[in-house]
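**Student:** the following comprises the amino acid sequence and a computationally predicted model.
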Amino acid sequence: MALLAYLALRPDRPHPRDKIATLLWEDSPDTLARSSLRQALALLRRCLPLPITDSDSLRIPAEALVTDVAEFQRAVADGSPAMLVRAVALYRGDLFEATPSRSAAFEDWLQVERQHLRELAQGALGKLLDHELEQGGCEAGIRHALRLLALDPLREPAHRALMRFYVRQGRYAAALKQYQTCRSVLERELGVLPEPETEALLREIRERRRARDDRGGTVPAPAPAPRMQDAETPPPAACPPVPELRVAAILCVALADTGALDHDPEEMHRRTAGAVVRIDTTVRNYGGDLYRHVGNTVFAAFGARRAHGNDPERAVRTALDLLRSEEGGEPPRTGVACGLVMVDGGPDLMLTGAAVQEGGRLAMLAEPGEILISQAVREALDGLLDLKGTHGPPWRLHDLRTAGTSSASRPFIGRRAELHQFNGLLAACREADQGPGDGAGGGMVVHVRGEAGIGKSRLVEEFQRMAGDQGFACVTGTVLDFGVGCGQDAIKAVVRSLVAELEKRAGSLFAEGLLAGEHRVHLAPLLDQPMPPELRPVHDALDHATRDLGRRAVIAELVRKVAAVRPLVLTFEDIHWADPQVHPYFAMLAGLVAECPVVLMLTTRIQGDPIDAAWRAAAGGVPVMTIDLGPLRPAEAEALAHAYVKDDEDFARSCVTRSGGNPLFLEQLLRARNAAGTVPDTIHCIVLARTDALTAKDRQALQAASVLGQRFHLDALRYLLDDRDYDVAVLLDQALVRPAGGPAGGEYLFAHALVQEAVHDSLLRSRRNDLHRRAADWYASRDIVRRAEHLGSAGDDRAAAAYLEAARFHIAGYRFERARSLIKRGLALDCARAERFALACLDGEVLEALGSIRPAISAYRTARDLGETDEERCRAWFGLAAGMRVIDDLTGALDALDHAEAAAMRAGLVAERFHIHHLRGNLCFPRGDLDGCLREHEAALEWARRANAPDLEIHALSGLGDACYLRGRMITAHGYFSRCVRRARERELPRIEVENLYMDAVTRLFMTDLESALALARDSIALAARIGHRRAELVSHVVASEVMSELGDEEACLSHYARAQALTAQLGALRFEAENLMGLGRMALYKGRRTEALDLLTRAMDLAVQTGIGYLGPSVLALLARAHDGPDERRRLLDQGTAMLAQGSVSHNHFIFYREAIEVALDMGDWAAADHYADRLEDFASPEPLPWSTLFVTRGRLLARSGRGEQGNELCYGLTRVLDTCRATRMVRHTARIDEALSRL
């Protein structure tokens, strides 16, 4: 990596090999260094096929390699605002920060390169800052200023610019706070005060804030600094620029009625106004807004103007603070609700939604001094709330629990590697504490990073539990993202806990000498205690820097004292919220791990993580173990879901999928069981907090992208925005989207599916519909399926027709499941009758293809009821007939065809007449109606010709093949079927091809060409499975099993029967179930399992009677005769079968019945009967003799002669020829009797 880095940063330049070897392997001898260089070059060439010049010097051509550094430098050199934005987006930190140091020389070179690039980035940010100041920008300017200050906290002009930007937004408190940050960092790092220009800006801001407060309105922005001028346009509104849906927490406070105390209106007004001011102050401290005051009732909203990710918690904390600060009199009644509200885009905050009404209702229900919360608030803060009683909703709030007290009710699952790591760290810390004093603390900094909800707090709680079990003291401070001086409360909470830990053992810290007296002046403010009078003069005399150093010193001493008693785990959560002034405290505490048995745990989100190279340097280079938390593994997520939901696996599985492994998201989805499919309020708040940090332009882009779906193309997004130049760099930088990595490029994915859902749900219906319509226009010529989906989402009148078109597209590609989902979405719309009819018919077609025959019949019945024209009625009745044929309701199918034919005749339909006659001919087939089958298929051919449709003529050939098959003309039928297969293949008609492939295989079986029959059956199975033709796949498996039975391959035969059975059950085709049972019974019979065979064949016979005795009955009767032992029963069954054949039956019954009857006669030694059945078989096949029938006729007669005791060469020669034929055709199952007969000659 180091070699590639060095060469890539200086392309097209020759680099002497000796110089590189010395640079990278400085401590190695020259020979060894050059050898290491050669090995590195060889490895580099294997990994990256780069044209590296290899002579006395090394060089990579510039055109062979693209680097972000080169692109960054080009963008900076360009200097235009757009390219400078690109440059700062490319700069994501120090060059090769993760590259291990190779040598001191390489490290020196790398530091020079890093400093150069850092200065370029700072310069680019400075130019962008000036540009925003000149153009009157605001949000982008704030972003650039914060980025610049992160790189160089001492750049005072950037502090001033940030103050001005805040003022433009009307955020005077933020501007004043930024001044304090600027002053603190200058005093701490340089020991100087801010420049006069900064002090002048501070005074101006204070004056303008007072003027605004006095006038009750807004004032112009402060006077511009050099190269800074106000924008002509007004600053952006603090609330959403356009109306949108947002999840907000609603706080309603019903004040005590003052009318009973004093009838003076002026006094009533004074008291009420005072209470409202107090409420307003508290609400604003927690980031909320007062938006309505009616009489004695005050409404506040959290998250309406700007989401924070924890707005329900902010509302609850506000309610508790208001209740605690109430002085005398009757306390207020309070309600807190949460939910989706509509926020208008005007300057006055106006909210509409059920949560607003619910908040007011809860306040009215509450008793004085009581806080009632809604179910949504309880679900959002479950584990954090201390409730009164167990009955709700509404729920009565007592207080909020402290960190770590709620983990017992929340299962801990997964993170095994992290637990093992931490356990080892604790062991090392204990060993160092118990070992001889060597000056080493044995502690470590544990840096836990991850996105919101990924499980940082829960993991830390588990770490603390482990540490507590091993004797560690555990102290925690949580940085809150509201209030003044974010992070100060966490420091104070830790100090209080450390003091309490010491006072358990020593009472007074100063009296016992645990702390030196000099620390008293610094400890009191940390404990929020009044300063002792004798120390007040001392405290007032100290400057800020000295006070800050004193506070750090007393905190460090407290940590040392506690750690001296027992090892300590010190935790600060959510340090990404901490002000920069607090970061040095964390660094100071980190430095203590080198001298004390202390483990310092810091949790942070990736965005805003303050643990950078500068912080590590300030901490003194102590060891830091960084734990980057990713999503839970699928098995872990499933286990967590099972802990919450045990009675609905489908719901739990869907929550696991939607959560993407994020534990918080998963828990919230599982808790929102009654609102399945929606995004829980907690997740909404987290997502909106991130999107609110975007500029209006980027927020609109993210919303438009959410309409396009989880995956979107940049060109489509630009079309929706009507902005050809929009770039997603900001969305990428904020980790809201990521590249999809497609081959064509330009495609992006939302970082999490729930982010896309939450952003999409925040759009007003009207805006969402408009965007979906634009998306449909974009996809009109690109993707008809996506077009249909967007029209459907928009509720557009064109949606049903679009779904119809898209479904047909998928049907043409045999993607029936996808087509069905589109049809269902179309049917769910309130569409016109004609469109609903077409969708219902197509639904029947798809369901039939999927093997759901009875639902298909139901769909066609719906279509029949919707049909108004004869053409529509014909289509619906024909669909009904086709479905009934599959489930062997032959009578119902023929009746439906009669209705279809009548409608076709009235409408003068031609092609439909072909289909009707063809299907009627197919219905004659299983009934054994020889004449009817031929008549209907000849009529079908005539109508195909009238329609001048070559494809229908090909299909008609198939029907004529069926008619010939039915009559036993197998060779002629084979000609029709093979010709039909060939022509269908030529014209790309796979459904016709597959329906004839398996029939071609059957005819080849009767021609004793078993090899070809098996190959065709397998081809038919593959094609049927590919195009989703379930019935053809079923019949193909049956044919394949018949061939395998003749070949004696029982295992393969059983495999085909198993698949056939599964398809039979899916289709509900009882006729083929009978055929499967007959095949299985025959196999059992061949293996000598007569009892099993009798059971299977009896069941087959029962089904054959139900589905049409002429299709299979005689064949089953012959096999039953073979399975029985008694001669009388055998003869009775054969006589019954003979009678059935005389009444009309499908030809295969004649062939199979007579062959099996010959076997029964031979079994009984009834040689005359054997000759009789052989004669009958020969007679049936005589119009078109078959190799199959000739074989079994000859075999039966010769075996009967042998059974009578005949001898002689002629008989021996005849039996030998039959034996050779059986072996040549691989019909080896029929050779045993012949071998036995020959052995007697």
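**Tutor:** Yes, it's here. Because the structure is a prediction, the values reported are computed rather than measured.
**Student:** by mean pLDDT, which helix or strand of this structure comes out lowest?
**Tutor:** Among the helices and strands of the chain, strand 53-54 carries the lowest confidence by mean pLDDT, DSSP states H and E, at a mean of 56.
**Student:** count of neighbours near L923?
**Tutor:** 23 (other CB atoms under 10 Å). (C-beta placed from N, C-alpha, C; glycine too.)
**Student:** do A753 as well
**Tutor:** Neighbour count for A753, taken as other CB under 10 Å: 17.
**Student:** hmm, it is touching C655, no?
**Tutor:** No - applying CB atoms under 8 Å as the test, A753 and C655 come out as separate, 11.8 Å apart.
**Student:** skip the chain neighbours and tell me the closest residue to A775.
**Tutor:** Leaving aside its sequence neighbours, A775 sits nearest to H790 (CB to CB, 6 or more residues apart in numbering; 4.3 Å).
**Student:** so what does the helix or strand that the one you found is a member of touch, helix or strand wise?
**Tutor:** If you go by DSSP states H and E, H790 is part of helix 784-794. Counting by 3 or more CB pairs under 8 Å, 6 or more residues apart in numbering; DSSP states H and E, the packing neighbours recorded for helix 784-794 are helix 765-779, helix 799-812, helix 816-827.
**Student:** run the last query once more with 10 Å
**Tutor:** With contacts taken as 3 or more CB pairs under 10 Å, 6 or more residues apart in numbering; DSSP states H and E, helix 784-794 sits against helix 696-708, helix 765-779, helix 799-812, helix 816-827.
**Student:** quick one, which of those gets closest to R284.
**Tutor:** Evaluated over the helices and strands packed on helix 784-794, closeness to R284 peaks at helix 696-708, with 23.3 Å, by CB to CB.
**Student:** could you check the angle helix 784-794 makes with that closest one?
**Tutor:** Interaxial angle, helix 696-708 versus helix 784-794 (axes from the mean of the first three to the mean of the last three CA atoms, to 10 degrees): 110 degrees.
**Student:** so how far is helix 696-708 off the chain centroid?
**Tutor:** 20 Å (CA atoms, centre = their mean, to the nearest Å).
**Student:** name the next helix or strand following that helix along the chain.
**Tutor:** The C-terminal neighbour of helix 696-708 among helices and strands, as given by DSSP H and E, is strand 711-713.
**Student:** where does T571 sit: helix, strand or coil?
**Tutor:** Secondary structure, DSSP: H, G, I helix; E, B strand; the rest coil: T571 is strand.
**Student:** quick one: it from G339, how far?
**Tutor:** Noted for T571: a distance of 33 Å to G339, by CB to CB, to the nearest Å.
**Student:** quick revisit: give me every residue that touches the residue nearest to A775.
**Tutor:** Residues in contact with H790 (CB atoms under 10 Å, 6 or more residues apart in numbering) are 707-709, 769, 771-780, 783, 796, 799, 802.
**Student:** I'd like the distance between it and G335.
**Tutor:** H790 sits 40 Å away from G335, going by CB to CB.
**Student:** what about the helices in the stretch 1051-1200 of the chain?
**Tutor:** Taking DSSP state H, counting those that start in this stretch as the test, the helices found in the stretch 1051-1200 of the chain are 1070-1086, 1090-1107, 1109-1123, 1127-1142, 1147-1164, 1167-1181, 1187-1203.
**Student:** so of these, which one's packed in deepest?
**Tutor:** Comparing those by mean neighbour count (mean count of other CB atoms under 10 Å), helix 1109-1123 ranks first with a mean of 26.
**Student:** which stretches of the stretch 451-600 of the chain have low pLDDT?
**Tutor:** Residue ranges of the stretch 451-600 of the chain with pLDDT under 70: 481-488, 505-507, 511-513, 544-545.
**Student:** swap the cut-off to 90 and go again
**Tutor:** Flagging of the stretch 451-600 of the chain using pLDDT under 90 yields the residue ranges 451-462, 464, 471, 473, 475-554, 556-566, 573-596.
**Student:** how about the strands in it?
**Tutor:** Secondary structure of the stretch 451-600 of the chain (DSSP state E, counting those that start in this stretch): strands located at 473-478, 568-573, 598-604.
**Student:** can you lay out those as CSV showing distance to Y1111 and mean neighbour count?
**Tutor:** Formatted as CSV, the strands of the stretch 451-600 of the chain follow (distance: least, CB to CB, whole Å; neighbours: other CB atoms under 10 Å):
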stretch, distance to Y1111, mean neighbour count
strand 473-478, 78, 21
strand 568-573, 75, 26
strand 598-604, 73, 25
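**Student:** nearest to I916, of the ones you listed?
**Tutor:** Of all these, strand 598-604 comes closest under CB to CB, at 73.6 Å.
**Student:** ok, then the element right after the closest one?
**Tutor:** Using DSSP H and E, the helix or strand that follows strand 598-604 towards the C-terminus is helix 613-618.
**Student:** relative to F665, which of the helices and strands packed on helix 784-794 is closest?
**Tutor:** When the helices and strands packed on helix 784-794 are compared by CB to CB, helix 696-708 sits nearest F665, at 16.6 Å.
**Student:** list the buried residues of that closest one.
**Tutor:** Buried residues in helix 696-708, counted by 16 or more other CB atoms under 10 Å: D698, R699, Q700, A701, L702, Q703, A704, A705, S706, V707, L708.
**Student:** likewise stretch 411-418?
**Tutor:** By 16+ other CB under 10 Å, the buried positions in stretch 411-418 come out as F412, I413, G414, R415, E418.
**Student:** the helix or strand A1013 falls within packs against which elements?
**Tutor:** Using DSSP H and E, A1013 sits within helix 1010-1027. Other helices and strands packing on helix 1010-1027, by 3+ CB pairs under 10 Å, 6+ apart, are helix 970-986, helix 990-1006, helix 1030-1047, helix 1050-1067.
**Student:** C-alpha coordinates for the second one, CSV please?
**Tutor:** It refers to helix 990-1006. Only the C-alpha atoms of helix 990-1006 are listed here, as CSV (Å, rounded to 0.1, in the frame of the first residue of the first chain):
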residue,chain,number,x,y,z
PRO,A,990,-43.1,-22.7,-26.5
ARG,A,991,-46.5,-23.5,-25.0
ILE,A,992,-47.5,-25.4,-28.1
GLU,A,993,-44.1,-26.9,-28.4
VAL,A,994,-44.1,-28.3,-24.8
GLU,A,995,-47.7,-29.7,-25.1
ASN,A,996,-46.5,-31.8,-28.1
LEU,A,997,-43.1,-32.7,-26.8
TYR,A,998,-44.5,-35.1,-24.2
MET,A,999,-47.0,-36.6,-26.6
ASP,A,1000,-44.2,-37.2,-29.1
ALA,A,1001,-42.4,-39.0,-26.2
VAL,A,1002,-45.4,-41.2,-25.6
THR,A,1003,-45.7,-42.2,-29.2
ARG,A,1004,-42.0,-43.1,-29.4
LEU,A,1005,-42.5,-45.3,-26.3
PHE,A,1006,-45.1,-47.3,-28.2
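**Student:** report all helices and strands that the helix or strand hosting F914 contacts.
**Tutor:** According to DSSP H and E, F914 maps onto helix 911-927. When contacts are defined as 3+ CB pairs under 10 Å, 6+ apart, helix 911-927 packs onto helix 870-886, helix 890-907, helix 930-946, helix 950-966, helix 1109-1123.
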